[in-house]
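**Student:** pasting the sequence and the predicted coordinates here, then a few questions.
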Amino acid sequence: YRALIFPLLIREGKPTPFFTFVLALLFCIYNGYLQGRSLTNYAKYPSGWLKDPRFIIGFIGWLIGMAINIHSDNILRNLRKPGETGYKIPRGGMFEYVSGANFFGEILEWFGFALACCTIESLAFALCTLFILGSRAKQHHQ
């Protein structure tokens with residue numbers, strides 16, 4: 001969603017520097033490879049894993065996080081009318097509880113994924129997401 005769909009939905013915005021785009025692309029490619037390889041080659045799950053509480057809670061956390069993320073991004077995209085500029089405080093959804101609802105949703109999403117997968121690679125990605133988006137959320141809040 002973040003790498004493919006979200007950029008296509010943005011109407012207007014600041015251009016992304018090419019170097020930043022390349023770094024983000026390389027990160028997504030490497031992380032996708034790491035997660036895929038981990039899950040297909042190294043992770044071993046018992047036959048009833050899809051009924052295990054860790055998987056179920058993790059999957060629900062991932063699903064709720066993704067829903068929060070998508071809904072929050074929709075609120076952010078529609079803050080300003082076309083041609084309007086200036087800062088606006090988002091209202092509605094999880095923005096009523098946290099100032100960085102989109103960041104919160106994505107962090108929840110990846111911790112849910114980590115719990116559902118129970119791999120060191122998925123936990124590493126969830127922690128990286130927490131540290132990177134947590135610092136961005138703090139800056140946005142201030």
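**Tutor:** Perfect, thanks for sending it.

**Student:** so what does the strand or helix carrying residue 37 touch, helix or strand wise?
**Tutor:** Assigned by DSSP states H and E, residue 37 belongs to helix 18-37. Using 3 or more C-beta pairs under 8 Å, 6 or more residues apart in numbering; DSSP states H and E as the contact test, the elements touching helix 18-37 are helix 120-141. All C-beta spots, glycine's among them, are computed from the backbone N, C-alpha and C.

**Student:** before we move on, the earlier item: can you give the distance of the helix holding residue 37 from its chain's centre?
**Tutor:** Chain-centre distance of helix 18-37: 14 Å, with C-alpha atoms, centre = their mean, to the nearest Å.

**Student:** buried residues, that helix. List them.
**Tutor:** 31, 35 (16 or more other C-beta atoms under 10 Å).

**Student:** what is the following helix or strand past it packed up against?
**Tutor:** Sequence-wise, the next helix or strand downstream of helix 18-37 (DSSP H and E) is helix 53-77. Contacts defined by 3+ C-beta pairs under 8 Å, 6+ apart place helix 53-77 against helix 5-9, helix 101-117.

**Student:** which one, of those, ends up nearest to residue 31?
**Tutor:** Closest approach to residue 31 among these (C-beta to C-beta): helix 101-117, 10.2 Å.

**Student:** and the closest one, how far out from the chain middle?
**Tutor:** A distance of 6 Å separates the centroid of the chain from that of helix 101-117, by C-alpha atoms, centre = their mean.

**Student:** for it, packing partners?
**Tutor:** helix 53-77, helix 120-141.

**Student:** much appreciated, bye for now.
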